[in-house]
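**Student:** output the structure for:
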Amino acid sequence: MKKNFLFYLLFFSVLLFFVIPPIGAVFFVERQEAFVAHYPVSVFLNAGIAFLIYYFSQKRAVLFSEMPLCSEKKPFFVYLSAASVSFGVLCLSSVVFEILSVVTGSESGIHQVLFPSDVLGAVNFILGVCAAAFFEEVIYRFFLPSAFLEILKRRLLRKSVSRTDDKSAENRRLWIFCEGISVLLFAAGHLYLGVFGFLNALVCGIALRVCMKKTESLWIPFGVHTVYNFFAFAMMWFLG
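**Tutor:** Down below sits the predicted model:
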């Protein structure tokens, strides 16, 4: 009973404080066209909270019928191929939607980045990029899909999550729904970047989630996400 309470408390806290605010902000904040490359303390606090969610979920201190990720190591080529493909998809998606935004004349993405000019600012920027990517991987790829599946299976199917019946049609549809709602929430959190920013986040979210499922590791998609973000900022710096 205690674990059930902690799980639901954690789930609704994540929705209320981390998932809903960036979606709601699009209706109250003007679309972001410029970005000052300095991350506030809240970004690092969020990353710290995300690490605790990941740690205690893996230790099963919060309720999951099965751990969201496997602890068994896979062959190196599995990690390398999954990382390469997902990084390629992220880069291709960004290029395609940027071209579409230019062709259609739609406002999309951040067109100006004010990079730091001192050492402390550079350190903040580097750590901030890593912290933001880690937070998103834990919340949207690691926690939410498994949490939605846990709740819906218990409520709708009246049984705990089990791999023994994952191939049934009912479970398959439920799994697809949970994966879909999680990636839609991630994409909706990027609506401030415009319609094409939303679509790009949708594609990238799917690619990173597939990477996580293939590798059964948080750290591979986190690494891909981080490198991609640095690459995107580098291109903005080079072109701008």
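
**Student:** just checking, next helix/strand downstream of the helix or strand bottoming out on mean pLDDT in the chain?
**Tutor:** The weakest-scoring helix or strand in the chain, judged by mean pLDDT, DSSP states H and E, is strand 34-36 (a mean of 72). Following strand 34-36 in sequence order, the next helix or strand is helix 41-58 (DSSP states H and E).

**Student:** okay, buried residues for that following helix please.
**Tutor:** Under the neighbour-count criterion of 16 or more other CB atoms under 10 Å, helix 41-58 has 43-44, 46-47, 49-50, 53-54, 57-58 buried. All C-beta atoms are positioned from the backbone trio N, CA, C, and that covers glycine.

**Student:** could you export it as CSV, CA atoms only?
**Tutor:** Provided in CSV are the C-alpha atoms of helix 41-58 (Å, rounded to 0.1, in the frame of the first residue of the first chain):
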residue,chain,number,x,y,z
VAL,A,41,19.7,26.6,-11.1
SER,A,42,16.3,25.0,-11.7
VAL,A,43,17.6,23.1,-14.6
PHE,A,44,20.3,21.4,-12.4
LEU,A,45,17.8,20.8,-9.6
ASN,A,46,15.4,19.1,-12.1
ALA,A,47,18.3,16.9,-13.3
GLY,A,48,19.0,16.0,-9.7
ILE,A,49,15.4,15.0,-9.1
ALA,A,50,15.4,13.1,-12.4
PHE,A,51,18.5,11.1,-11.2
LEU,A,52,16.7,10.2,-7.9
ILE,A,53,13.6,9.0,-9.9
TYR,A,54,15.9,6.9,-12.1
TYR,A,55,17.9,5.5,-9.1
PHE,A,56,14.9,4.6,-6.9
SER,A,57,12.9,3.2,-9.9
GLN,A,58,15.8,0.9,-10.7
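
**Student:** can you give me the buried ones in whichever helix or strand comes after it?
**Tutor:** Next helix or strand after helix 41-58 toward the C-terminus (DSSP H and E): helix 76-104. Neighbour-count burial for helix 76-104 flags 79, 82-83, 86-87, 89-90, 93-94, 97-98, 101 (criterion: 16+ other CB under 10 Å).
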